[in-house]
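S.K.: turn this into a model:
(4 chains)
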2 protein chains.
Amino acid sequence: MNELDDFLALKDQFIPQLSVDCVIFGFHNQQLKVLLLKLKNLDVWALPGGYVEQNEGIDEAAQRILEERTGLKDIYLEQFRVFGSADRSTKEFIQKIMEVHHPEAMNEPWVLQRYVSIGYYALVDFSKVNPMPDFLSESCEWFEMKQLPKLAFDHSEITRKALETLQLMLDYKLVGFNLLADTFTMIELQSLYETILETPLRRNNFQRKMLSMNILERVEKLYTGAANKAPYLYRFKNKVVRRTNFQ
Amino acid sequence: MNELDDFLALKDQFIPQLSVDCVIFGFHNQQLKVLLLKLKNLDVWALPGGYVEQNEGIDEAAQRILEERTGLKDIYLEQFRVFGSADRSTKEFIQKIMEVHHPEAMNEPWVLQRYVSIGYYALVDFSKVNPMPDFLSESCEWFEMKQLPKLAFDHSEITRKALETLQLMLDYKLVGFNLLADTFTMIELQSLYETILETPLRRNNFQRKMLSMNILERVEKLYTGAANKAPYLYRFKNKVVRRTNFQ
DNA sequence: TTAATATTGTCCCACATTGAGATAATAATA
DNA sequence: TATTATTATCTCAATGTGGGACAATATTAA
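M.R.: The predicted structure follows:
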């Protein structure tokens, strides 16, 4: 077996021309973050992604990829859109990647074929994540959603659509809690909403709305040492993880 | 070239193991309808579907399939979910279909592989559709959504999820008009909403809401000969067709 | 010990939206 | 001309929302 044979054997384990890309959101320092990979020897970043094994469901594939990059199990995960326009992956770019990683496969006719990619977005507790690069990449880092670096293929579009879907679903499904630690103050929750929705909210009305839904459990107070009234901590009553069965 | 070669040549034109399934909704006699195909020599119905050509975008593939089954161009179309669980297509069923259509290919190892299918839903003007079966099927008919026959694979689930998405999007995107003729009465529109949402609505409040959105243009009255006040006809001001770029 | 300060938690009120019954308008028929 | 069956509006109470005001409280300063 030479290297090409290895590569071809590996390839046959997966569904051809189909990939999964994950937009992993975190929240830290009042900012919405996205986890990205820096591709080896290329001046470009990409979303964590991978292929679907022949005997694996697409949701399980996404969950596996997420676990590999973050070290977390049972992540909140949602399929949001498929990206499959005819011109989504420029052949020049694939060629560059292949040259770096599998030069021996450059003559295979299928190497430059277009991929169709299923987009997932994931919401994680930033503080629990341990970013890990994959075999294609040299580093794995959080970026502020507002200041993303140059991304490969149509990954900028995928990220933008992921945010749009999250904005749309935030009120409808109450998924924001997956971005916070187990307990949080009302101000933290409000700041999360303001950041995602990109709009300021009124403190009094936000609190009224959240409390009226009867989904929060008030825990103890949080004494920070600041010279003011200590805020209560809250816990989400029925934290939902890994809801992939929506729509 | 023998038949198997023909079949294999055809196969290579498409992205392998990827398909598109379309839930085509129509509205007729106060009922929500779905267009289905009866598979040749099998006692089972299926959603109109097909494969994605190597040089074709996924939305274009769906649009092409829709046009082939309905004779309509520029149909309102929306991607809503990918179906790709590991066990979604039972091998027994695929085997039956292959026996009927391509017995010569039964020994090919890839024949029984699982497909991943992209679900689209389409909204069409029932009266304009000319149902046409494809080469796999012997007939193409409308069924009432509430009384679907036995469907192949997970097509029942796909249809159900399509309706759930439509219910969710009906108010948000005002897509219902694509199911009606160019002009319609307020009662027809209300009946459409009631049928899709599966809930009764109040005539006065429904009319108030629709008119307040300023999206309807009042045209002439409709004199049916009935012994009562004639209803106005309305036209949707900015009819949206083929909106595939949402989310 | 008390006052000042910076927040947090509630309350209140005007205004908009919604639910639900009542009433007016009108096309055909008796 | 009255009757009937709808359609189109109107009205009013109930509910929800935007936005300002005020009370409660953890710490620091006096």
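S.K.: what about the residue of chain A found nearest DNA strand D, which helix or strand?
M.R.: Closest residue of chain A to DNA strand D, CB to the nearest atom of the strand: residue A:229 (3.1 Å). Where you see a C-beta, it was placed from the backbone N, CA and C, and this is true even at glycine. Using DSSP states H and E, residue A:229 sits in no helix or strand.
S.K.: neighbours of it, just the number please.
M.R.: 7 (other CB atoms under 10 Å in any protein chain shown).
S.K.: any chance you could map the strands in chain A?
M.R.: Assigned by DSSP state E, the strands in chain A fall at A:14-28, A:31-39, A:45-46, A:49-53, A:76-83, A:116-123, A:137-144, A:183-185, A:216-221, A:232-236.
S.K.: circling back: so how far is chain B from the residue of chain A closest to DNA strand D?
M.R.: Distance of residue A:229 to chain B, computed by CB to the nearest CB, to the nearest Å: 39 Å.
S.K.: ditto for residue A:216
M.R.: Distance of residue A:216 to chain B, given as CB to the nearest CB: 25 Å.
S.K.: contacts only, for the residue lying closest to that residue once chain neighbours are set aside.
M.R.: Computed as CB to CB, 6 or more residues apart in numbering or on different chains, the closest residue to residue A:216 that is not its neighbour in sequence is residue A:234, at 4.4 Å. For residue A:234, the contact set (CB atoms under 8 Å, 6 or more residues apart in numbering or on different chains) comprises A:183-186, A:189, A:216-219.
S.K.: and the pLDDT at residue A:236?
M.R.: Note on residue A:236: pLDDT of 92.
S.K.: and it, bridged to which residues?
M.R.: Bridge pairing for residue A:236 (DSSP bridges) gives the partners residue A:216.
S.K.: check residue A:50 too.
M.R.: Beta-bridge partners for residue A:50, by DSSP bridges, are residue A:20.
S.K.: and for it, the neighbour number?
M.R.: Neighbours of residue A:50 (other CB under 10 Å): 19.
S.K.: do residue A:63 as well
M.R.: Neighbours of residue A:63 under the rule other CB under 10 Å: 23.
S.K.: same deal with the one 5 residues further on?
M.R.: Neighbouring residues of residue A:68 were enumerated by other CB under 10 Å; the total is 13.
S.K.: is chain B within reach of stretch A:80-98?
M.R.: Yes: part of stretch A:80-98 sits near chain B under the criterion CB under 8 Å from any CB of the partner chain, namely A:80-82, A:84-87.
S.K.: for stretch A:147-156, same thing?
M.R.: No: residues of stretch A:147-156 contacting chain B under CB under 8 Å from any CB: none, with a closest distance of 11.8 Å.
S.K.: residues contacting that stretch, please?
M.R.: Contacts for stretch A:147-156 (CB under 8 Å, 6+ apart): A:21, A:34, A:36, A:39, A:42-47, A:83, A:85, A:88-90, A:93, A:143, A:159.
S.K.: now which of the residues you listed would you call buried?
M.R.: A:21, A:34, A:36, A:39, A:42, A:44-47, A:83, A:88-89, A:143, A:159 (16 or more other CB atoms under 10 Å in any protein chain shown).
S.K.: that older thread, quick one: closest of the strands of chain A to DNA strand C.
M.R.: strand A:232-236 (3.5 Å).
S.K.: any residue of that closest one touching DNA strand C?
M.R.: Yes: Strand A:232-236 is in contact with DNA strand C by CB under 7 Å from any atom of the strand, via residue A:232.
S.K.: for residue A:29, grab phi and psi.
M.R.: Note on residue A:29: its backbone torsions stand at phi 50, psi 50 [degrees, to the nearest 10].
S.K.: that one: neighbour count?
M.R.: 8.
S.K.: equivalent analysis for residue A:189, please.
M.R.: Residues near residue A:189, counting by other CB under 10 Å: 20.
S.K.: could you check how far it is from DNA strand C?
M.R.: Here residue A:189 is placed at a distance of 10 Å from DNA strand C (CB to the nearest atom of the strand, to the nearest Å).
S.K.: so what's residue A:112 scoring on pLDDT?
M.R.: pLDDT recorded at residue A:112 is 78.
S.K.: buried ones in stretch A:114-133?
M.R.: Residues A:114-126, A:129, A:131-133 are the ones in stretch A:114-133 that count as buried (16+ other CB under 10 Å).
S.K.: and those near chain B, which?
M.R.: A:114, A:116, A:118.
S.K.: distance check, the last one against residue B:188.
M.R.: Here the criterion is CB to CB, to the nearest Å. By it, residue A:118 lies 38 Å from residue B:188.
S.K.: cool, residue A:92 as well?
M.R.: Separation of residue A:92 from residue B:188 (CB to CB) stands at 53 Å.
S.K.: now the longest helix along chain A: average pLDDT?
M.R.: For chain A, the helix with the greatest residue count under DSSP state H is helix A:155-173. When pLDDT is averaged over helix A:155-173, the result is 95.
S.K.: between strand A:137-144 and it, find me the angle.
M.R.: For helix A:155-173 against strand A:137-144, the angle by axes from the mean of the first three to the mean of the last three CA atoms, to 10 degrees is 50 degrees.
S.K.: tell me the domain boundaries of chain A?
M.R.: A:3-173, A:182-236 (automatic domain parsing).
S.K.: which of the ones you listed sits most buried?
M.R.: A comparison of the domains of chain A by mean neighbour count, using mean count of other CB atoms under 10 Å in any protein chain shown, puts domain A:3-173 on top with a mean of 18.
S.K.: how far out from the middle of the chain is it?
M.R.: 9 Å (CA atoms, centre = their mean, to the nearest Å).
S.K.: indicate whether that domain makes contact with DNA strand C.
M.R.: No: judged by CB under 7 Å from any atom of the strand, domain A:3-173 makes no contact with DNA strand C; its nearest approach is 12.7 Å.
S.K.: tell me if that domain is near DNA strand D.
M.R.: No: Domain A:3-173 stays clear of DNA strand D (CB under 7 Å from any atom of the strand), getting no nearer than 9.7 Å.
S.K.: can you list the residues of chain A near chain B?
M.R.: A:15-18, A:52, A:54-60, A:79-82, A:84-87, A:113-114, A:116, A:118, A:161, A:164-165, A:168, A:247.
S.K.: try 6 Å
M.R.: A:15-17, A:55-58, A:81-82, A:84-86, A:118, A:161, A:165, A:247 (CB under 6 Å from any CB of the partner chain).
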